[in-house]
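Asks: Requesting a structural model of the entry that follows:
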Amino acid sequence: MRRVVRQSKFRHVFGQAVKNDQCYDDIRVSRVTWDSSFCAVNPRFVAIIIEASGGGAFLVLPLHKTGRIDKSYPTVCGHTGPVLDIDWCPHNDQVIASGSEDCTVMVWQIPENGLTLSLTEPVVILEGHSKRVGIVAWHPTARNVLLSADTSCE
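Replies: You can find the predicted model right below:
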């Protein structure tokens, strides 16, 4: 019996590690056990769900800001429970939605130059879920259409 060894088409592909000044460092990413990517990116900002005492929060960083992130960097914090999902609006690079264990969805307006102070007041709070909100997603082509789903299995 003859064995056939398949050649990989990637055998001549090599990666190169990114330099430390091109990475984000010292971010306390959330430890919530939820199936989420814990981040969202658009052409201007990256948002990362973080560990926060007293509720849920996430960072919004300009894409050009890399390196060590100071622990006192301003956050978006308004939920009373941990944030489970975030999503940027595809039609406005300054609008982001967040869903949380506190059964609410909040829509936030990020200042044009990014955060200089912590943001605690959302543009709108959407209530009505009876269980934690695990999914938020903007419609890719229709403006101002946001989907949110909770964890009920009915």
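
Asks: quick one: the closest residue to residue 34 other than its chain neighbours from residue 146, how far?
Replies: On the basis of C-beta to C-beta, 6 or more residues apart in numbering, the spatially nearest residue to residue 34 that is not a chain neighbour turns out to be residue 84, at 4.9 Å. The C-beta positions use only the backbone N, C-alpha and C, and glycine is treated the same way. Summarising the geometry, the distance separating residue 84 from residue 146, computed by C-beta to C-beta, to the nearest Å, is 15 Å.

Asks: neighbour count winner among those two?
Replies: Neighbours were counted for residue 84 and for residue 146 using other C-beta atoms under 10 Å; residue 84 has more, 26 against 18.

Asks: How confident was the prediction at residue 23?
Replies: Note for residue 23: predicted pLDDT of 87.

Asks: And residue 61, by the same measure?
Replies: Among the per-residue scores, residue 61 shows a pLDDT of 95.

Asks: sec struct for it, please.
Replies: strand (DSSP: H, G, I helix; E, B strand; the rest coil).

Asks: That one - nearest residue in space that isn't next to it in sequence?
Replies: Nearest in space to residue 61, with sequence neighbours left out and distances taken as C-beta to C-beta, 6+ apart, is residue 46 at 5.2 Å.

Asks: correct me, but that neighbour touches residue 58?
Replies: No: here residue 46 does not reach residue 58: they are 10.2 Å apart, not a contact under C-beta atoms under 8 Å.

Asks: more neighbours, these two?
Replies: Neighbours were counted for residue 46 and for residue 58 using other C-beta under 10 Å; residue 58 has more, 23 against 17.

Asks: if we can go back for a sec, the residue nearest to residue 61 falls within a helix, correct?
Replies: No: assessed with three-state DSSP, residue 46 is strand; it does not lie in a helix.
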